[in-house]
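**Student:** Any chance you could fold what I've pasted below:
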Amino acid sequence: MSGHVWDSDRNEFVTPEPGAVNTDPNEYKYELQCHLGGGDFDTPCLARQLECKDGPDGEDGIPVMWLSRPRGVPGAVWAPHSGPTCLYDAKPEDLLPRIAADIQREFQNLPVKAGAVTAQPSPHTLRGAETNFYAEAVEQQFDITMFGQQVHVVATPVQYTWNYDDGTVFGPQASMGGPLPQERWGEKTRTSHAYGSTGDFQVVLTTSFQGTYSVNNGPALPIPGQGQFSSPPQTVSVWRSLTRNYADDCNANPQGQGCPGASR
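**Tutor:** Coordinates of the predicted model:
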């Protein structure tokens, strides 16, 4: 609700005086002109929307459509009342509950870059050996418009879920892992995985981002829940290794079976 009342004498909406008794059987709210819901607007409508310049206090206003419904009637539906008209005394906090109700959906629809997957070794690894996987994800910031207000969003990676494509899922958990020097490849790490069979596996990393938002440069507020963003699948080819024992001494007989100099 906007907190405004209809003044039939002045034929406009006004802010009631403190302590005034409201005898109007209806309650009212406004929607931004051309607003379609959430953060979406009707583009052709925006080109011809009402201009609200130089209000009573010299400030610009916002173009709105007014809706009404019977007060205290369960299930009453909002219906168009009047407009478009200019509203000059709207405060950003009037819109905060509406922004808060939609911010999680807007957050999930942002073009957040999911964490990138790196495997060591890659693209080939060995069956039964530990393959080290780690993520690379960074904080990201976005500026969007909701209900005509400027909203700044910060997305911070906080959790990671690994799907190794062999029935094993690890997470969500806080470790993004990290790279190993080549001489340590094959060591078990927090996010490594050993495949029990050969083949090609599509590894997918889902990164969970925690968000905050601020309206019109106001304080940062938490976004409920977390946004889930998945990386494109990365193919890891798992091979098998063979070990054979030979009786030849390659130093004494470089052409012996299994020796590097043996003829094939």
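**Student:** Contacts only, for residue 25.
**Tutor:** 70-71 (CB atoms under 8 Å, 6 or more residues apart in numbering). (Each C-beta comes from the backbone N, C-alpha and C, glycine too.)
**Student:** So what's the model's average confidence on the longest strand along the chain?
**Tutor:** Secondary structure of the chain read by DSSP state E shows that its longest strand is strand 199-215. Average pLDDT, strand 199-215: 94.
**Student:** Leaving out sequence neighbours, find the closest residue to the spatially most central residue of the chain.
**Tutor:** Centroid-nearest residue in the chain: residue 108, 3.6 Å away (criterion: CA atoms, centre = their mean). In this structure, residue 108 finds its nearest non-sequential neighbour in residue 227, 5.0 Å apart by CB to CB, 6 or more residues apart in numbering.
**Student:** what sits opposite the one you found in the beta ladder?
**Tutor:** residue 209 (DSSP bridges).
**Student:** where does it land on pLDDT?
**Tutor:** Per-residue confidence (pLDDT) for residue 227: 92.
**Student:** pretty sure it is touching residue 114, no?
**Tutor:** No. Shown here, residue 227 and residue 114 do not form a contact pair, counting by CB atoms under 8 Å, at 10.0 Å.
**Student:** Which positions within stretch 150-170 qualify as buried?
**Tutor:** If you call a residue buried by 16 or more other CB atoms under 10 Å, then stretch 150-170 has these buried ones: 151-155, 157, 159-166, 170.
**Student:** which residues of the stretch 101-250 of the chain score low on pLDDT?
**Tutor:** Across the stretch 101-250 of the chain, residues meeting the criterion (pLDDT under 70) sit at 241-250.
**Student:** all strands in it, in order from the N-terminus.
**Tutor:** 116-120, 124-126, 130-136, 140-146, 149-163, 169-173, 193-194, 199-215, 221-222, 227-230, 234-239 (DSSP state E, counting those that start in this stretch).
**Student:** Deepest-packed of the ones you listed, please.
**Tutor:** Comparing those by mean neighbour count (mean count of other CB atoms under 10 Å), strand 130-136 ranks first with a mean of 22.
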